[in-house]
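> coords please:
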Amino acid sequence: MDISGLDEAVAAQAAAVAQLWDKAAKNGSISEFDKTAGTFVFAGEEVGKAVDQEKLIQDILAALKKKEFDASIEASVQDIQPEFGESTAKERYKTISTFSTKTTANKDRNTNVRLACEAINGYVLKPGEEFSFNDVVGKRTEEKGYKAAGAYSNGEVVQEIGGGVCQVSTTLYNTVLRAGLKTTVRRSHTYEPSYVTPGQDATVSFGGPDYKFMNNSDTAIGIRASYADQVCTVAIYGIPILEEGVKYDLRSTKIKDTDPPAPTYEEDLTLQPGEEKVKSKGSQGSYWETRLVITKDGEEISKEVDHNTTYKGHAPVLLRNTSGVVMLPEETSAPAETVVPSEGAADGIVPTQGSTPQDPAESSPAGNREQGPGGTMPSSAAGNTAPTTAAPTTAAVTPSVESPGTVIPGGVEAGPGGPGEGNMVAPNPLTGAGAP
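As a prediction, this is how the structure comes out:
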């Protein structure tokens, strides 16, 4: 029997054995969160195991050469020591990034923000694992304590259970980026947000858009999140990922304003035929460029474009009379009041009179490439399209633009806000450079 030329096959067999029996060493790290004590629990190190593949290959080849085809060969296994233990881990773990955003005075919306913070607080993500905001927070229901607050559903402003939790996912996104972790899924709002610089948000909806990131470090990381006094704060607890002195930040700049959508119309029988009256002026949309700014020891070393975002404007609302019948004001009944979310309720937008259905704005990676720490845009949301102009419709109303909000880090004032779903990026909490 010719037994030559079996080297590759023997090496493959040794590799298969190693795949079954190798066990990676584990460094000391956090393992879980003690909710009663409000602290992370550390676990001790674990010694790993590794099959000595080179010795196993030589032993198999030697048996083949002797034609000992029924030989029983014992694989040698070596211990692999971890890099550091539990005591060292406790010394190395620290808060590696934090970010805060200001909420509104709406108590129901703030309840939703608080509950979402509590849902992600203390979550431990192991190396290589992916975090999903929707999976961790779960469905926002009344049974869990979530309240009805302004939110967008299919482009329309509605009172939705859990409205406002996008502020938590946005705050988390900004914290994750500054820690050096890798965002894998992120989408921006339809309209400019108010609680963070446009281009730096991350919208979520259970069963719809999600925010996800991956732990690309070598040790477990923990999430701390809290709400108090109209401030939402998220921090990442772990062993530093970025090189000492290196910091990541986002800088968004408005490139241009875009035309508002085509006007919508409402009937007003007190007007003369052919007469029109402006009820709401509407607003322009905008196009933003967001860069990932990397500094080392305070010196800027990179500022590549991470993604671009198009936000839609609000359609003007015009009153007219197409019925051919003119009535005196006292002969007409007062129009039904439109239910309006309280200020900032719709995740950064303050509609005053309802809204026209709109598609979500898109935030696209620069050059259609995979994004860096800022995140990768799903293919279904990719693109860099400007708002389209719809044909005029009747019996529709549009939200007004929300007054500017405030972002805590760096004291950067955010642009005017609006409801919807799209993609955005946060201001620089370290240098204040995130302001457009």
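> and stretch 113-120, what's its mean pLDDT?
The average pLDDT for stretch 113-120 rounds to 97.
> now could you export just the CA positions of that stretch as CSV?
Backbone C-alpha positions of stretch 113-120 (Å, rounded to 0.1, in the frame of the first residue of the first chain) are rendered in CSV as follows:
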residue,chain,number,x,y,z
VAL,A,113,-37.3,56.9,28.4
ARG,A,114,-36.8,55.8,31.9
LEU,A,115,-38.2,52.3,31.3
ALA,A,116,-36.0,51.8,28.2
CYS,A,117,-33.0,52.9,30.2
GLU,A,118,-33.8,50.4,32.9
ALA,A,119,-34.2,47.6,30.3
ILE,A,120,-30.6,48.0,29.0
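> residues in contact with that stretch?
Stretch 113-120 is contacted from outside by 103, 133, 136-138, 140, 144-146, 162, 164-165, 167-169, 172, 223, 225-227, 232, 234, using CB atoms under 8 Å, 6 or more residues apart in numbering. Yep, even glycine has a C-beta here, placed from its N, CA and C like the rest.
> and the closest residue to L172 other than its chain neighbours, what is it in contact with?
Of all residues not flanking L172 in the chain, V234 sits nearest, at 4.9 Å (CB to CB, 6 or more residues apart in numbering). Contact analysis of V234 by CB under 8 Å, 6+ apart lists 98-100, 117, 120, 168, 171-172, 174-175, 223-225.
> let's see 6 Å
99, 171-172, 175, 225 (CB atoms under 6 Å, 6 or more residues apart in numbering).
> all strands for the stretch 101-250 of the chain, in order.
Listed from the start of the chain, the stretch 101-250 of the chain has strands (DSSP state E, counting those that start in this stretch) covering 124-125, 130-132, 148-153, 156-161, 182-185, 212-214, 221-228, 231-238, 246-258.
> ok, what's across the strand from the residue nearest to L172?
Taking DSSP bridges as the rule, V234 bridges to F99, A225.
> What distance do you get for it to I223?
Per CB to CB, to the nearest Å, V234 is found 7 Å from I223.
> quick revisit: CSV please, covering the contacts of V234 and showing neighbour count and distance to K279.
What follows is the contacts of V234, written out as CSV (neighbours: other CB atoms under 10 Å; distance: CB to CB, whole Å):
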residue, neighbour count, distance to K279
F99, 28, 39
T171, 33, 35
L172, 27, 38
T175, 27, 41
A225, 22, 41
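> Specify which member of the residues you listed is nearest to A16.
Nearest to A16 among those is L172, at 40.9 Å by CB to CB.
> quick one: low-confidence parts of the stretch 201-350 of the chain?
Low-confidence segments of the stretch 201-350 of the chain (pLDDT under 70): 333-350.
> Figure out how far stretch 320-335 is from the centre of its chain.
48 Å (CA atoms, centre = their mean, to the nearest Å).
> quick one on the thing from earlier: is it possible to mark the buried ones in the contacts of stretch 113-120?
The neighbour-count test (16 or more other CB atoms under 10 Å) marks 103, 133, 137, 140, 146, 162, 164-165, 167-169, 172, 223, 225, 227, 232, 234 as buried among these.
> Return the subset of the residues you listed lying in helices.
Judged by DSSP state H, these include 133, 137, 167-169, 172 as members of helices.
> List phi and psi for the residue nearest to D218 when sequence neighbours are not counted.
Spatially, and ignoring its direct neighbours in sequence, D218 is nearest to P127 (5.7 Å; CB to CB, 6+ apart). Torsion angles at P127 (phi, psi; degrees, to the nearest 10) stand at phi -60, psi 130.
> Quick check: closest non-adjacent residue to V168.
Counting by CB to CB, 6+ apart, the residue nearest V168 is A116, at 4.1 Å.
> Contacts only, for G44.
G44 sits next to 28, 86 when contact means CB under 6 Å, 6+ apart.
> Check the gap between it and K90 for me.
From G44 to K90 the distance is 11 Å (CB to CB).
> same check, this time on A148
44 Å.
> got the residue ranges for the helices in the chain?
Remark: helices assigned in the chain by DSSP H are 7-21, 53-65, 86-92, 107-120, 133-137, 166-179.
> now the last one and helix 107-120, what's the angle there?
Read it as helix 166-179. Taking axes from the mean of the first three to the mean of the last three CA atoms, to 10 degrees, one finds helix 166-179 and helix 107-120 inclined to each other by 40 degrees.
> quick one: contacts for V47?
V47 sits in contact with D79, where contact means CB under 6 Å, 6+ apart.
> Please apply the same query to the one 3 residues further on.
Taking CB under 6 Å, 6+ apart as the definition of contact, the neighbours of A50 are 22, 78, 80.
> Swap in 8 Å and give it another go.
Contacts of A50 (CB under 8 Å, 6+ apart): 18, 22-23, 77-78, 80.
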